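> I'd like to go over a predicted model; first the sequence, then the structure.
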Amino acid sequence: MKKRRPIARGGTPIKVLIADEHGIVRDGLRSLLEKHGDMRVVAAVRDGREAVAAAERFAPQVAIMEFNLRLLNGIDATRAIVQMKPETGVIVMSTQDSSALIQRALQAGARGYLTKHADGEELIKAVREVAAGRRYLGNSMASRMLDTPRRPGAGVVEELTANERDILRLVADGKSNAEVATQLRLATRTVETYRIRLMRKLDIEDLPSLVKFAIRHGITALG
Amino acid sequence: MVISVLLADDHGVLRDGVRRLLESAADIKVVAVADDGEEAVEKAAALQPDVVVMDISMPALNGLEATRRMADRAPAAAVVILSMHSSPDLIREAFVAGARGYLLKESAGDEVVKAVHAVAAGRRFLGDGVADKVFAGESPTPLDRLTQRERDVLRLVAEGKSNAATAARLGLSPRSVETYRLRLMQKLEIQDLPSLVKFAIRHGMTTLE
C-alpha cells in the first residue's frame, strides 16, 4: 500500500467538512475546530448527498461524518467520497459503540472513528492525526479491537452459537420462551437455558437491554 | 451580569461544541459540565447555576427526571432541554416537569445562546420548530392515551429497570407498578415487552444505548 504523505503542510489550515443532521452539532463542531488556527471548516452539511457534493466541490483534507445521515448514510457517503477522492481522511462519528460498526466504517474507507463519549479534545486530535495520514480510533476503540469489551455485548455477537443467535432474534421480536421452543423445535427448558447463557455471554442483565442490543446489531427491526 | 450555565450531555463532542458556542457570548460562563443525569442534579445542587442546558436522553437519569429533581434541589436554575425529538407529548412533559425552554438539536447553534438569554431573563423559550408542534392541531399519538404515571412507568421499564427499582423511583409499590404496566400495554395494544421497548425508542422515551 502506498504510504500516504502528510496532507497539511506549512501554514495551510486543514480543510474540514462536517456532516451531521443536527444544526447544534454542526455549529458546535465548527466553533470547536475554528478555535484552532490550523483548521478551517469549508462546509457544514446536513445529509449524505450534500456531503458527497461538498467533498467534490471543496476537496477537504478531513471529513467528519455522522453515521446517521439522511438521504445517504454516513458509511455509504464515506465510501463514495473515498472512491472519488482517496486522499480524503474520513472520520466517522457515532452515538453507538459497536465494533461491527467500526469495522464497516473502516471497510468503507474511513480512517478514523469517534463515539459520542469522545470529547472536543479527542476530536481535534483525530482531525490532526487523520490529516497527517494516520488512523485514529480513540482509546476505547483500540481496546475494543483488542477484544476487551467495555459495554454489554460489545464485540461478542460473533461468539454466539447459531442457536443462541436464533433465540436472540426471536426473543427480541417478542416471542415467549414457549413460542421460541416451538419454532426452533427445542424443549422450552432448553430455550430457557440457552437464553440465560446468551445473556451471560453478552453481559446483559435485562430484556430491554437485550432488545436494544439486538436493534443496534441489526438482529431485529425497530419498527 | 454573567449568566452561569451547567451543561449536561453525554455526547462529548456536542457538549464541548455547545460550551464553545455559549462561551462566545460575553455574558455567559459555563461553570460545569455533566455527562449523566445524576451528575447533572448533583452539580446543579452544589453550584446553583442560573441556567441548566440539558439533553433529554442521558444515562443514569434521563433529562425529564433530572429536571424534576432540580426543581427541588436547584429551584432558581432555569432548565433548557435539548432534544432530538419534538413530539408534542415530550415537549409538554418537559414543561410540566419544570423546564423553561425546549430546543431541538437540529436547530442552529445560536439558538442555544438565545435560549440561555431568554430563560435567564425569566422568559420561556421554544426553539425553531418547537412552537409549531405545540400550537398546531396535534395529530393524536398513542402516547396521548396514557396518564403521566403510566408514561413514567413506560419510560423506566423501557430503560430496563426492574419492577422493584421502578417502584422505588416513583414512590409506588411493586404491585402498583405491575398494574400500571398492564394497563398501559392494554391502552397501547402492545402484548410483549420487546415491542414495548421498541415503541418507547420510536417515541423518544428511551435511547438505543
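Yep, it's here.
> Please tell me how far the residue nearest to A:His22 when sequence neighbours are not counted sits from A:Met93.
Nearest non-adjacent residue to A:His22, counting by CB to CB, 6 or more residues apart in numbering or on different chains: B:Lys105, 3.9 Å away. C-betas here are computed from N, CA, C, even on glycine. Per CB to CB, to the nearest Å, B:Lys105 is found 14 Å from A:Met93.
> Tell me if I'm right that A:Glu21 and A:Leu69 touch.
Yes: in this structure, A:Glu21 is within contact of A:Leu69 by CB atoms under 8 Å, at 6.2 Å.
> any residues in contact with both of those two?
Residues touching both A:Glu21 and A:Leu69 by CB atoms under 8 Å, 6 or more residues apart in numbering or on different chains: A:Arg46, A:Asp47.
> Could you pull up the residues touching A:Leu222?
A:Ile215, B:Lys198, B:Ile201, B:Arg202.
> my hunch is that the second one is in a strand, does that hold up?
No: read with DSSP: H, G, I helix; E, B strand; the rest coil, B:Lys198 is helix and lies in no strand.
> out of everything not next to it in sequence, what's closest to it?
Take B:Lys198 and drop its neighbours on the chain: the residue closest to it by CB to CB, 6+ apart is A:Leu222, 5.5 Å away.
> how about the one you found, secondary structure?
Secondary structure state of A:Leu222, per three-state DSSP, is coil.
> quick revisit: in terms of packing, which of A:Glu21 and A:Leu69 has more residues around it?
Between A:Glu21 and A:Leu69, counted using other CB atoms under 10 Å in any protein chain shown, the more crowded position is A:Leu69 (22 against 18).
> Now do the nearest residue in space to that one that is not next to it in sequence, the pLDDT please.
In space, and not counting its chain neighbours, A:Leu69 is closest to A:Gly48: 4.2 Å by CB to CB, 6+ apart. pLDDT recorded at A:Gly48 is 94.
> Where does the record place the domain boundaries for chain B?
Structurally, chain B divides into domains by automatic domain parsing as follows: B:3-135, B:142-202.
> So for the top helix by length along chain A, what gets flagged as buried?
If you go by DSSP state H, chain A has its longest helix at helix A:188-202. Using 16 or more other CB atoms under 10 Å in any protein chain shown as the test for burial, helix A:188-202 gives A:Thr190, A:Val191, A:Tyr194, A:Arg195, A:Leu198, A:Met199, A:Leu202.
> from these, which is closest to B:Gln148?
The shortest approach to B:Gln148 among the buried residues of helix A:188-202 belongs to A:Met199, at 32.2 Å (CB to CB).
> check contacts around the closest one.
If a contact means CB under 8 Å, 6+ apart, then A:Met199 has A:Glu205, A:Leu210 as its contacts.
> wait, is B:Leu61 part of a helix?
No: secondary structure of B:Leu61 (three-state DSSP): coil, not part of a helix.
> my guess is it meets B:Asp36, correct?
Yes: look at B:Leu61 against B:Asp36 with CB under 8 Å: they come within range, at 6.8 Å.
> A:Met39: what's it in contact with?
A:Pro13, A:Ile14, A:Val16, A:Leu33, A:Ile124, A:Val127.
> In strands, which of those fall?
A:Ile14, A:Val16 (DSSP state E).
> Determine which two of the contacts of A:Met39 are furthest apart.
The most distant members of the contacts of A:Met39, if one measures by CB to CB, are A:Pro13 and A:Ile124, lying 13.0 Å apart.
> can you list the domain ranges for chain A.
A:14-145, A:157-216.
> quick one: average pLDDT of the last one?
What that stands for is domain A:157-216. Averaged across domain A:157-216, pLDDT comes to 90.
> And the helices in chain B?
Assigned by DSSP H, chain B shows helices spanning B:12-23, B:37-47, B:63-73, B:88-97, B:110-120, B:130-135, B:148-158, B:163-170, B:174-188, B:193-202.
> How about chain A?
Listed in chain order, the helices of chain A (DSSP H) span residues A:23-34, A:48-58, A:74-84, A:99-107, A:120-131, A:138-145, A:162-172, A:177-184, A:188-202, A:207-216.
> can you put those in CSV and add distance to B:His117?
As requested, the helices of chain A are exported to CSV (distance: least, CB to CB, whole Å):
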stretch, distance to B:His117
helix A:23-34, 16
helix A:48-58, 31
helix A:74-84, 34
helix A:99-107, 38
helix A:120-131, 23
helix A:138-145, 35
helix A:162-172, 45
helix A:177-184, 56
helix A:188-202, 46
helix A:207-216, 37
